[in-house]
Structures are given as C-alpha cells and as structure tokens.
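Chemist: here are the coordinates; sequence isn't available:
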C-alpha cells in the first residue's frame, strides 16, 4: 500500500502576511499536522528561497523576476522561515524549491519516491500558485491527490472557490481538514 505525505507549502514568514487568513487558519494547520504525525503520515514542508543575487530568477519570469529585484526570499532571510506556529520537528522533511510548483527546482519527487509515497495531501499558500502548480504536476506524476480546502488560501476567494470546485475536484479529492483528520482516525 502506498504511503501518504502531507505537504505544507509556502507557509512562510514572508507569505503569511500577504494573504487574508482567519484566526483559525494556523491553529487548524497545527492540529492537522499533529494529527497526521500521530497517524504515521510523513510531514513535508515546502519552502521557497534563492541564493544571494537570485541567479535562479530570470528577468523574463514575471513572478520571480520581481522577487529578485526586491532581493527577498534569499536563503536564511527571515521571510523564508516556516511560520513558527507550525514549525517542523526533526522527523519532518523540509524541501526547498525554486519555482511555483513544489516539484520544480527541488528534490521532492526523489524524496517521495524513496519513501514510497503514492498519496499527497496538500495545504498551503497560495491556491492559485503553489497549490495549483503542484496539484497539476502531481497528477501528471500519477500521485493520488487530496486537497485540504480550508488549509489553502488565495488572494481572491472566487479564484480559490473555482480551483477547489472545478479544477481540483476533477483531479483528486477536495475535503475540509477536520473531515480528513476524522478519516485518519478511522484508518
């Protein structure tokens, strides 16, 4: 049987203030992570950061070219840190990426295959960014997908809704975090 991994994507000190989140978002994220750990689900944090001077960021890339000009998300900078309320444990894995998708510019695929993971449960910031790109690439790599609706956030609520209801629901299962936690308790 394939193993399951929970991907916590881009919930970093520099990203959290950019999006409107409810006061329950981070506590629910922490509860979900702790429940998943207790159930033997591998926790994998995905972060974005770059070398000094951003040599990975082409000026042709509208997203990352702007980050390079602003000189943000440099390795070790405060904004690259995982939010302290959901900090990883030594048994968790942290994967650093260089593009929007958690797979691009990272060793995530190697880690997942080495662990025997076949099912990915996804949460993070931003729904129309890392979540969308990672879901699409994961489906193409034949992973089973679960997206935690209330642990993904976007700049626009309508964009979030359309992605959850139309795109992600056709590629996997979209469920609330509490419902997924209940499923873990039954397994």
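Modeler: Done, it's in. Being a predicted model, the structure only gives us computed values, none of them experimental.
Chemist: can we go C-alpha only for contacts and neighbour counts from here?
Modeler: Noted.
Chemist: Please give the element, helix or strand, for residue 6.
Modeler: strand 3-9 (DSSP states H and E).
Chemist: Now do that strand: which elements does it pack against?
Modeler: Judged by 3 or more CA pairs under 8 Å, 6 or more residues apart in numbering; DSSP states H and E, the packing partners of strand 3-9 are strand 42-48, strand 117-125.
Chemist: Report the inter-axis angle for the shortest one versus strand 117-125.
Modeler: Right, strand 42-48. Here the directions of strand 42-48 and strand 117-125 differ by 50 degrees (axes from the mean of the first three to the mean of the last three CA atoms, to 10 degrees).
Chemist: Give the next helix or strand downstream of strand 42-48.
Modeler: helix 62-70.
Chemist: Now do the strands in this protein.
Modeler: In the chain, the segments counted as strands under DSSP state E are 3-9, 42-48, 93-97, 117-125, 144-153, 173-175.
Chemist: Export the ones you listed to CSV and append columns for mean pLDDT and distance to residue 65.
Modeler: Below are the strands of the chain laid out as CSV (pLDDT from 0 to 100; distance: least, CA to CA, whole Å):
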stretch, mean pLDDT, distance to residue 65
strand 3-9, 97, 21
strand 42-48, 98, 14
strand 93-97, 98, 15
strand 117-125, 98, 19
strand 144-153, 98, 23
strand 173-175, 98, 32
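Chemist: May I see the ones you listed arranged in JSON lines, with mean neighbour count and distance to residue 60 as well?
Modeler: JSON lines is the format used below for the strands of the chain (neighbours: other CA atoms under 10 Å; distance: least, CA to CA, whole Å):
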{"stretch": "strand 3-9", "mean neighbour count": "22", "distance to residue 60": "24"}
{"stretch": "strand 42-48", "mean neighbour count": "23", "distance to residue 60": "19"}
{"stretch": "strand 93-97", "mean neighbour count": "19", "distance to residue 60": "18"}
{"stretch": "strand 117-125", "mean neighbour count": "22", "distance to residue 60": "23"}
{"stretch": "strand 144-153", "mean neighbour count": "22", "distance to residue 60": "27"}
{"stretch": "strand 173-175", "mean neighbour count": "17", "distance to residue 60": "34"}
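Chemist: Low-confidence ranges, this structure, go.
Modeler: 1 (pLDDT under 70).
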